[in-house]
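Asks: Dropping the sequence and predicted coords here.
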Amino acid sequence: MAAKPTHAFASTLQTFTTDAGVSGQYWSLPKLAKQYPSIKRLPVSIRIVLESVLRNCDGLKVSKHHVEELAHWAPTAERTDEIPFVVTRVVLQDFTGVPLLADLAAMRSVAASLGKSPKTIEPLVPVDLVVDHSVMVDYYGTPKALDLNMQLEFKRNHERYQFMKWGMQAFDTFRVVPPGFGIVHQVNLEYFARGVYKSPQDKSDTPVYYPDSLVGTDSHTTMINGVGVVGWGVGGIEAEAAMLGQPVYMLTPDVVGFELTGKLREGVTATDLVLFVTAILRAEKVVGKFVEFFGPGAASIAVPDRATIGNMAPEYGATMGFFPVDDMTIAYFKSTGRTATEIALFEAYYKAQGLFGMPKPGDIDYTKVVRLDLGTVSPSLAGPKRPQDRIDLGRMSTVFAELYSKPNEANGFNLPANTLSLRHKVQGTDVSIGNGDVLIAAITSCTNTSNPSVMLAAGLLAKKAVEAGLKVQPHVKTSLAPGSRIVTDYLQKAGLLPYLEKLGFYLAGYGCTTCIGNAGDLTPEINATITQNKLVSAAVLSGNRNFEARIHPNLKANFLASPPLVVAYAIAGNVMVDLMTQPVGKGKHGKDVFLGDIWPSMAEIDENLRLATDAKAFRANYEKIKSDPGALWSSIQGVTGQVYDWPVSTYIAEPPFFDNFKAKPMASDAGFTGARVMALFGDSITTDHISPAGSIAEKSPAGQWLLAHGVSKADFNSYGSRRGNHDVMVRGTFANVRIKNLMLPADANGSREEGGLTLYYPPRGSSKPEKMPIFDAAQKYMGAKVPTVVFGGEEYGTGSSRDWAAKGTQLLGIKAVVARSFERIHRANLVGMGVLPLQFRGADSWETLNLQGDEEIDVVIGAALQPQMDVTLVIRRRDGTHQEATVRLRIDTPIEVEYYQHGGILPFVLRQLLAA
């Protein structure tokens, strides 16, 4: 047997000791810095990645060269180097976790069919799945809402939960947190993260410790950056590779330093701060970059506020929004129930590595520095369609009125100004509704329900409002969906929960609910009034996402706000009420009550914060995952065995991605000719547009498929819950009710038809183009073996790390997406599914090329595939002329070239595992 190669940096393995005398080994960055002195001025986040590269330097997947490259990171260098980052663990939520588990099960089926051991397919790092995306707000405004919603959740998702139970017994490193415990990111922050880790196989007296790091199959995995953990969201496609032993490959990133100074003013919340940060950084174009916070302002804010800022990294476009470890981190770990031994190891390790403490201005060399004085932050909302569109609270009513009649391309609703104030009676009721009416008010999502200061503020505002005699307007659907049971624990201890309930904010579930599109429906009468009168109605939620049709298909204006502002707008009832100058409502004896009368002070919030830092309560809560997972979960019986038997189901089906799998990839030319245009899209096409998570329309291709398979409309559930079935999901691709394919001509007033439609062009010489759903057109093109392409604008694929946005694109036969720019995760997912991402050069766009959608497209790749090479786009017009344009291939790294040539990352990894 060949001797194990000597580690190239063996001398950097050192020993550290805690104050209590516990010793461990670590791969020392200070020791490495003696060889590479510039390490001392590297951003903290880069140094943590460097530790992983150093520790895993095996001469194979991670080489000495990789360590040297990263040790020499320069702030403004051209980014051409590829980092192989080996993560400590992987976290999943159920919408993305179930299809990932289905892919793993399919890999085991392939292994078994080839005579290999199914156990060849086994996660090599710990994997935690939290069931948090499946609960819907069907019931609200009643003390029974939580129980009733959970009962419906288990009824709807029985097949999915059986499949998870199979996964728990089939894979050794796969844990599931059952429904009803909380949102994955809050559970990750409060429970999963342990600070430092050691390998379970390391049984030595002085084991090797290393920092927590992870990827997660949800873009808001970045919430964990608030405790100094390097981690971000990836698609399940990349997460599977990480689980199965592949490093996460990425280009060495720029690191933008964000200096915070000053302190927040009275009446300003962490939510307001994060909306400021999001607007600033989106304008700075930080897509694909690390953002690292530093300075006295960063040092002064508590971990929940840091986590709120880190959580929104996808909204400002960064890979991470990172806060280094310091005394605030240690205080948070103590208050959330970590053991004294864990905390001592955590602190000693980070101090030994020289990674402890908030950097001061001038300590570190950043690519660029952005600054914000916390004292300039003001109360804000964001919307009505994008999280980066911040609106000062005092301008909210004005902005809404302006957007009402602005054209679509200016983010408006293109409706006549003289109809803004009209109201319409809801049939069979005494209620009338109009434009700007708040029809959903939801305290929801990981971003804010993890933050005790804003949750307590909501409770205190509710208390003052009830005492003043205020009530919520009758047309508002209210809900409270905390990210953890701990939230209701401290709201009860503070005596605030009854006041929220008095205003209709009863506990509806512990999960993502409204923010993911699980708001539940409005009444049929309200829906009819909205659609018949083209009303621009509103939702106000404490979430992080407000993309078109995400919250509810009939609510066109969705605003992100702090939890106390959600309560305030539920009382006001309409976003055109100026809360800075007009009364929130009339209280006792008809007295006008203003927002200032009921807004809690910082002192009042601080008085209650101690109730949210009870370490015993945290430990007792999370011990129940094993000891008391709930009767509903315990009653689920899954099949057993190492290979799944794929029973007939409209929820879980064997995915087609390994059909006709061969041990070696079939060589193929990456270019293609004669492609038809499937769609022409504008800017900011989100993964929600491409693959919606919410309700399934009855007349949509997916709805028709479900009906044909015996599923009633009442049991459709959501696209998110059916991601384990490719037949549903491919029909749901580009099926968002608000997506606009600009191939379809505008009407007389300039508005565009909405929905997943296209113009299908039959073979030459045939009849005129036919309008039809994109799925139907794709079936026709694929049947005729005609490739297709999609064109987009800026920020194509922004939003959630949604695998199905790429998987569905591939299954529709789309060979390439050509856009002005791509969001990070979706670009990687397209490559991971074998779809070419192509980026226009300079000022080019499909508009400047005058594309109409009736052209044929060739993609000419004249040489061996190379990362970021130039390729030629040939546009063949109907009049016989043609035009060429140079575009950039956004396959960014050498490993991505391999992924693409194997037909995607999953076949690549499977071939590696089977060969080993």
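Replies: Right, received. Where do you want to start?
Asks: element containing the closest residue to residue 553 other than its chain neighbours?
Replies: Leaving aside its chain neighbours, residue 553 sits nearest to residue 737 (4.9 Å; criterion: CB to CB, 6 or more residues apart in numbering). No exception for glycine: its C-beta is placed from N, CA and C like everyone else's. Using DSSP states H and E, residue 737 maps to neither a helix nor a strand.
Asks: pLDDT at residue 737, what is it?
Replies: Here the pLDDT value assigned to residue 737 is 90.
Asks: who touches it in this structure?
Replies: Residue 737 sits next to 549, 553, 692, 697, 754-755 when contact means CB atoms under 8 Å, 6 or more residues apart in numbering.
Asks: For the helix or strand hosting residue 532, give the mean pLDDT please.
Replies: Counting by DSSP H and E, the element that carries residue 532 is helix 524-533. Regarding helix 524-533, the rounded mean pLDDT is 96.
Asks: next structured bit after that helix?
Replies: strand 538-541.
Asks: which outside residues touch the helix holding residue 532?
Replies: With CB under 8 Å, 6+ apart as the test, helix 524-533 has contacts from 422, 424-429, 433, 439, 475, 521-522, 535, 537, 554-555.
Asks: for stretch 633-652, same thing?
Replies: Here stretch 633-652 has contacts from 98, 102, 105, 108-109, 112, 118-119, 154, 157-166, 168-170, 178-180, 653-654, 706, 709, 711, 721-722, 724-725, 728, using CB under 8 Å, 6+ apart.
Asks: Can you tell me how far the most centrally placed residue in the chain is from residue 175?
Replies: Nearest to the geometric centre of the chain sits residue 219, at 2.7 Å (CA atoms, centre = their mean). Distance of residue 219 to residue 175, computed by CB to CB, to the nearest Å: 22 Å.
Asks: And residue 583, by the same measure?
Replies: 50 Å.
Asks: same question, residue 87
Replies: Residue 87 is 16 Å from residue 175, by CB to CB.
Asks: swap in residue 80?
Replies: 38 Å.
Asks: Residue 169 now?
Replies: Computed with CB to CB, the distance linking residue 169 and residue 175 is 12 Å.
Asks: Show me which of those two is the more surrounded one.
Replies: Shown here are residue 169 and residue 175; by other CB atoms under 10 Å, residue 175 has more neighbours (17 against 13).
Asks: That one is in what secondary structure piece?
Replies: Using DSSP H and E, residue 175 falls in strand 174-177.
Asks: which other helices and strands contact that strand?
Replies: The criterion is 3 or more CB pairs under 8 Å, 6 or more residues apart in numbering; DSSP states H and E, and the helices and strands that strand 174-177 contacts are strand 127-130, helix 158-170.
Asks: Quickly compare those and say which is most buried.
Replies: strand 127-130 (a mean of 25; mean count of other CB atoms under 10 Å).
Asks: quick one on the thing from earlier: with mean pLDDT and distance to residue 900 added, can I get the helices and strands packed on strand 174-177 in TSV?
Replies: Formatted as TSV, the helices and strands packed on strand 174-177 follow (pLDDT from 0 to 100; distance: least, CB to CB, whole Å):
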stretch	mean pLDDT	distance to residue 900
strand 127-130	97	26
helix 158-170	95	29
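Asks: I'd like those laid out as CSV, including distance to residue 193.
Replies: CSV is the format used below for the helices and strands packed on strand 174-177 (distance: least, CB to CB, whole Å):
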stretch, distance to residue 193
strand 127-130, 11
helix 158-170, 22
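Asks: And the ones you listed: which comes nearest residue 884?
Replies: With CB to CB, the closest approach to residue 884 among those belongs to strand 127-130: 46.9 Å.
Asks: Which elements pack onto that closest one?
Replies: With contacts defined as 3+ CB pairs under 8 Å, 6+ apart, strand 127-130 has these neighbours: strand 89-93, helix 94-113, strand 174-177.
Asks: circling back: which among the contacts of helix 524-533 end up buried?
Replies: 426, 433, 439, 475, 522, 535, 537, 554-555 (16 or more other CB atoms under 10 Å).
Asks: Residue 906 reaches residue 658, doesn't it?
Replies: Yes: using CB atoms under 8 Å, residue 906 makes contact with residue 658 at a distance of 7.4 Å.
Asks: Give me the common contacts of these two.
Replies: Both residue 906 and residue 658 are in contact with residue 107, where contact means CB under 8 Å, 6+ apart.
Asks: Which of those two has more residues huddled nearby?
Replies: Between residue 906 and residue 658, residue 906 has the larger neighbour count (other CB under 10 Å), namely 27 against 18.
Asks: got a list of what that one touches?
Replies: 103, 107, 237, 240-241, 657-658, 832.
Asks: so residue 619 sits in a helix?
Replies: Yes: if the criterion is DSSP: H, G, I helix; E, B strand; the rest coil, then residue 619 is within a helix.
Asks: tell me the contacts of the nearest residue to it once chain neighbours are set aside?
Replies: Spatial nearest neighbour of residue 619, chain neighbours left out: residue 337 (4.0 Å); criterion: CB to CB, 6+ apart. When contacts are counted by CB under 8 Å, 6+ apart, residue 337 touches 190-191, 615-619, 622.
Asks: quick one: which of those residues is nearest to residue 902?
Replies: Closest to residue 902, out of all of the contacts of residue 337 and judged by CB to CB, is residue 191, at 36.9 Å.
Asks: Help me confirm that the closest one is found in a helix?
Replies: Yes: using three-state DSSP, the assignment for residue 191 is a helix.
Asks: Look at it and say how many residues are nearby.
Replies: 23.
Asks: per-residue confidence at it?
Replies: Reported pLDDT for residue 191: 97.
Asks: what separates it from residue 823, distance-wise?
Replies: With distances taken as CB to CB, residue 191 is found 29 Å from residue 823.
Asks: do residue 134 as well
Replies: Residue 134 is 25 Å from residue 823, where distance means CB to CB.
Asks: where do the helices sit along the stretch 601-750 of the chain?
Replies: 602-609, 615-627, 631-634, 687-690, 701-708, 726-732 (DSSP state H, counting those that start in this stretch).
Asks: Which strands and helices lie in contact with the last one?
Replies: By that I understand helix 726-732. So helix 726-732, by 3+ CB pairs under 8 Å, 6+ apart, packs with helix 701-708, helix 803-811.
Asks: what do you get for the fourth one?
Replies: Contact partners of helix 687-690 among helices and strands, from 3+ CB pairs under 8 Å, 6+ apart: helix 803-811.
Asks: hey, C-alpha coordinates of the helix it packs on in CSV?
Replies: Below are the C-alpha coordinates for helix 803-811, written out as CSV (Å, rounded to 0.1, in the frame of the first residue of the first chain):
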residue,chain,number,x,y,z
ASP,A,803,-33.2,24.1,-7.9
TRP,A,804,-36.4,23.7,-9.9
ALA,A,805,-35.8,27.0,-11.6
ALA,A,806,-32.8,25.2,-13.3
LYS,A,807,-34.2,21.7,-13.3
GLY,A,808,-37.4,22.8,-14.9
THR,A,809,-35.5,24.8,-17.5
GLN,A,810,-33.5,21.7,-18.4
LEU,A,811,-36.5,19.5,-18.6
